[in-house]
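Undergrad: missing the sequence, but the structure's below:
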């Protein structure tokens with residue numbers, strides 16, 4: 001169902017409408033389907049700074065996003081940020097007849113400001129709806145491996161916001177024996193622990209403290225009510241720059257170190273928190289980056305190759321016309337970029353996938369085949385083995401004048417493509433029109449901070465998917481630091497990396513970007529297991545570089 005026609009959306013009146021939306025605790029994957037639908041139809045998006053990037057990715061192009069800023073520094077330092085004119089912005093936008101989405105962290109039902117804005121809408125007769133989100137006090141413990149309920153369920157769980165709790169509140173939760181979930185800040189969590197001890201809790205009661213929960217910056221410490229201040233000091237946790245970095249603390253046996261060590265599923269991902277450099281074009285990097293995120297990594301895409309049209313387009317124009325007039329028996333695509341180049345030329349001539357009728361289509365691998373399917377073309381031939389030109393030749397049928405009325409193959413490729421496929425097809429008896437469909441040129445250098453991170457050891461790993469990505473990355477940004485894990489897609493790429501003075505740590509078992517990411521994850525898992533077995537703290541490669549400054553955890 002189209003988001004703009006969903007019956008779940010509030011009716012737009014002369015005064016517009018407002019959707020109060022919970023963006024969850026930080027992980028973009030925790031947005032609900034309903035939240036994504038609402039964001040796609042928004043005319044105005046008013047979001048807290050902490051969740052703006054999470055929700056903006058699902059908003060339509062051109063959505064109006066007025067910025068909210070902290071203006072009451074005294075309250076902000078105490079842990080309560082006051083945002084500029086949030087209610088006024090919401091009401092003004094709704095009165096103009098637009099569809100407004102007001103996004104808050106966690107769940108809007110637990111947000112006092114959102115509650116006041118709902119009352120304002122009701123007072124003026126402005127239609128509104130509430131899209132619940134994952135509450136921070138519930139989502140963060142789940143990601144920290146701290147269940148709030150026991151095997152039999154029905155656990156006594158109390159929630160308290162340390163920023164607004166009074167003596168009566170502390171006394172009530174301190175005299176209970178159940179689990180207490182405390183919303184606090186790095187600066188106030190030790191004081192909150194002291195309040196619970198003063199109210200009657202034993203100092204040796206287990207406690208976990210989690211910062212940046214549900215994101216790849218998440219860190220959790222095991223402590224007790226009496227030792228939490230010392231634990232954070234020994235871990236050298238730096239105070240947050242703005243003085244109100246939120247944390248979630250869980251007090252009680254559910255937060256015991258022994259139990260959390262078994263249930264810490266998120267922070268124990270093989271590449272958790274690793275900054276991984278992906279030197280490819282953005283279109284090519286998407287699926288690889290998605291897989292890296294599933295392993296807990298933070299991919300950083302740096303284009304090393306720019307794709308440009310051929311200098312002389314006439315050859316490509318003749319070949320596309322030949323497709324329509326029946327000049328070719330086969331067309332072979334060796335990259336996603338080749339599919340894109342032909343598709344753009346089709347659109348220029350007003351053609352679509354129907355122009356491939358009667359022509360056999362080959363794709364060098366799964367990603368290229370997926371690009372063809374998106375175009376509306378199902379390839380007739382994809383290598384059953386190695387996804388390369390050699391693998392394609394292994395399955396390519398020889399020319400047979402009895403069964404093949406036409407002996408010619410259209411091969412749209414890059415200007416720097418190797419001759420392996422052309423030579424192999426000719427040997428099989430085919431005539432080949434080897435056409436330059438696009439040119440690959442070295443991309444512009446990345447920003448200065450990225451170049452510094454590459455050379456200074458700020459990245460934990462870099463994935464090289466071809467020899468050209470090695471040469472181009474070194475050319476535009478410099479050689480990666482020797483603490484950075486180097487992963488290569490195959491022997492030829494590894495050889496090029498070694499020729500540039502790089503130590504190759506990981507190589508994919510087969511030439512596939514997904515297998516490359518999998519191999520890096522296995523490397524990271526082995527590295528983590530070795531540290532745990534040796535009784536050492538698990539660190540990322542970038543944390544081991546000589547003279548490295550300890551990064552903030554916030």
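TA: Right, received. Where do you want to start? Source: prediction; values computed, not measured.
Undergrad: number of nearby residues for residue 268?
TA: By other C-beta atoms under 10 Å, 15 other residues sit near residue 268. Glycine gets a C-beta too; all of them are placed from N, C-alpha and C.
Undergrad: just residue 201 next, same as before
TA: Using other C-beta under 10 Å: residue 201 sits among 24 other residues.
Undergrad: Test my guess that it contacts residue 251.
TA: Yes: counting by C-beta atoms under 8 Å, residue 201 does reach residue 251; the two are 7.1 Å apart.
Undergrad: what sits in contact with each of those two?
TA: Common neighbours of residue 201 and residue 251, counting by C-beta atoms under 8 Å, 6 or more residues apart in numbering, are residue 225.
Undergrad: for the stretch 401-550 of the chain, what spans make up the strands?
TA: Assigned by DSSP state E, counting those that start in this stretch, the stretch 401-550 of the chain shows strands spanning 408-414, 431-442, 461-464, 485-488, 506-507.
Undergrad: Now distance to residue 365 and mean neighbour count too, for those, in JSON lines please.
TA: Formatted as JSON lines, those follow (distance: least, C-beta to C-beta, whole Å; neighbours: other C-beta atoms under 10 Å):
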{"stretch": "strand 408-414", "distance to residue 365": "14", "mean neighbour count": "22"}
{"stretch": "strand 431-442", "distance to residue 365": "17", "mean neighbour count": "18"}
{"stretch": "strand 461-464", "distance to residue 365": "17", "mean neighbour count": "28"}
{"stretch": "strand 485-488", "distance to residue 365": "17", "mean neighbour count": "25"}
{"stretch": "strand 506-507", "distance to residue 365": "18", "mean neighbour count": "19"}
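Undergrad: got JSON lines for these, with distance to residue 97 too?
TA: Formatted as JSON lines, those follow (distance: least, C-beta to C-beta, whole Å):
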{"stretch": "strand 408-414", "distance to residue 97": "49"}
{"stretch": "strand 431-442", "distance to residue 97": "46"}
{"stretch": "strand 461-464", "distance to residue 97": "49"}
{"stretch": "strand 485-488", "distance to residue 97": "53"}
{"stretch": "strand 506-507", "distance to residue 97": "56"}
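Undergrad: Out of those strands, which gets nearest to residue 42?
TA: In terms of C-beta to C-beta, the element of these nearest to residue 42 is strand 461-464, at 35.6 Å.
Undergrad: now that closest one, how far from the centre of its chain.
TA: Strand 461-464 sits 17 Å away from the centroid of its parent chain (C-alpha atoms, centre = their mean, to the nearest Å).
Undergrad: Could you do stretch 45-63 as well?
TA: The answer for stretch 45-63 is 16 Å, by C-alpha atoms, centre = their mean.
Undergrad: next one: stretch 222-242
TA: So, by C-alpha atoms, centre = their mean, the centroid of stretch 222-242 is 29 Å from its chain's centroid.
Undergrad: do stretch 195-205 as well
TA: Here stretch 195-205 is found 40 Å from its chain centre; the criterion is C-alpha atoms, centre = their mean.
Undergrad: Provide the contact partners of that stretch at residue level.
TA: With C-beta under 8 Å, 6+ apart as the contact definition, stretch 195-205 has outside contacts at 162, 165, 170-171, 173-175, 180, 224-227, 251-252.
Undergrad: among these, which are in helices?
TA: Per DSSP state H, helices hold the following members of those: 170-171, 173-174.
Undergrad: a markdown table please, covering those and showing pLDDT.
TA: Converted to a markdown table, the ones in helices among the contacts of stretch 195-205 look like this (pLDDT from 0 to 100):
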| residue | pLDDT |
| --- | --- |
| 170 | 92 |
| 171 | 89 |
| 173 | 87 |
| 174 | 84 |
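Undergrad: Quick check: of those, which lies closest to residue 407?
TA: residue 173 (82.1 Å).
Undergrad: Quick check: that closest one touching residue 161?
TA: No: judged on C-beta under 8 Å, residue 173 makes no contact with residue 161 at a distance of 11.2 Å.
Undergrad: between these two, who's got more neighbours?
TA: A count of neighbours by other C-beta under 10 Å puts residue 173 above the other of residue 173 and residue 161, at 22 against 17.
Undergrad: just to revisit the earlier point, nearest approach to residue 38 belongs to which of the strands of the stretch 401-550 of the chain?
TA: Of all these, strand 461-464 sits nearest to residue 38, with 35.7 Å by C-beta to C-beta.
Undergrad: Of all the strands of the stretch 401-550 of the chain, which one is nearest residue 535?
TA: Closest among these, once you apply C-beta to C-beta, is strand 485-488, at 22.7 Å.
Undergrad: separation between residue 102 and residue 315?
TA: The spacing between residue 102 and residue 315, counted by C-beta to C-beta, to the nearest Å, is 55 Å.
Undergrad: Could you check which of those two has the larger neighbour count?
TA: Neighbours of residue 102 and residue 315, each counted by other C-beta under 10 Å, are more numerous for residue 102; the result is 29 against 15.
Undergrad: May I ask which two of the ones in helices among the contacts of stretch 195-205 are separated the most?
TA: Taking C-beta to C-beta as the measure, these span a maximum distance of 7.8 Å, between 171 and 173.
Undergrad: What is the end-to-end distance of stretch 496-504?
TA: The straight-line separation of the ends of stretch 496-504 (C-alpha to C-alpha, to the nearest Å) is 10 Å.
Undergrad: In the chain, which residue sits furthest out from the middle?
TA: Outermost residue of the chain with respect to the C-alpha centroid, by C-alpha atoms, centre = their mean, is residue 402; its distance is 52.1 Å.
Undergrad: for the stretch 401-550 of the chain, what spans make up the helices?
TA: Remark: helices assigned in the stretch 401-550 of the chain by DSSP state H, counting those that start in this stretch are 420-427, 448-456, 467-477, 491-499, 513-533.
Undergrad: Nearest to residue 369 among these would be which one?
TA: That would be, of those and by C-beta to C-beta, helix 513-533, which comes in at 13.6 Å.
Undergrad: Flag every buried residue along the closest one.
TA: Residues of helix 513-533 classed as buried by neighbour count (16 or more other C-beta atoms under 10 Å): 513, 515-521, 523-524, 527-528.
Undergrad: Can you lay out those as CSV showing distance to residue 380 and pLDDT?
TA: Shown next, in CSV, are the buried residues of helix 513-533 (distance: C-beta to C-beta, whole Å; pLDDT from 0 to 100):
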residue, distance to residue 380, pLDDT
513, 24, 84
515, 25, 91
516, 27, 93
517, 29, 95
518, 29, 96
519, 31, 97
520, 33, 98
521, 34, 97
523, 37, 98
524, 39, 97
527, 43, 95
528, 44, 93
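Undergrad: Residue 190: which of the residues you listed is nearest?
TA: Looking across these and measuring by C-beta to C-beta, the closest to residue 190 is residue 528, at 29.4 Å.
Undergrad: give the contact list for the closest one.
TA: Contact analysis of residue 528 by C-beta under 8 Å, 6+ apart lists 268, 270, 538.
Undergrad: again, only this time at 7 Å
TA: Residues in contact with residue 528 (C-beta atoms under 7 Å, 6 or more residues apart in numbering) are 270, 538.
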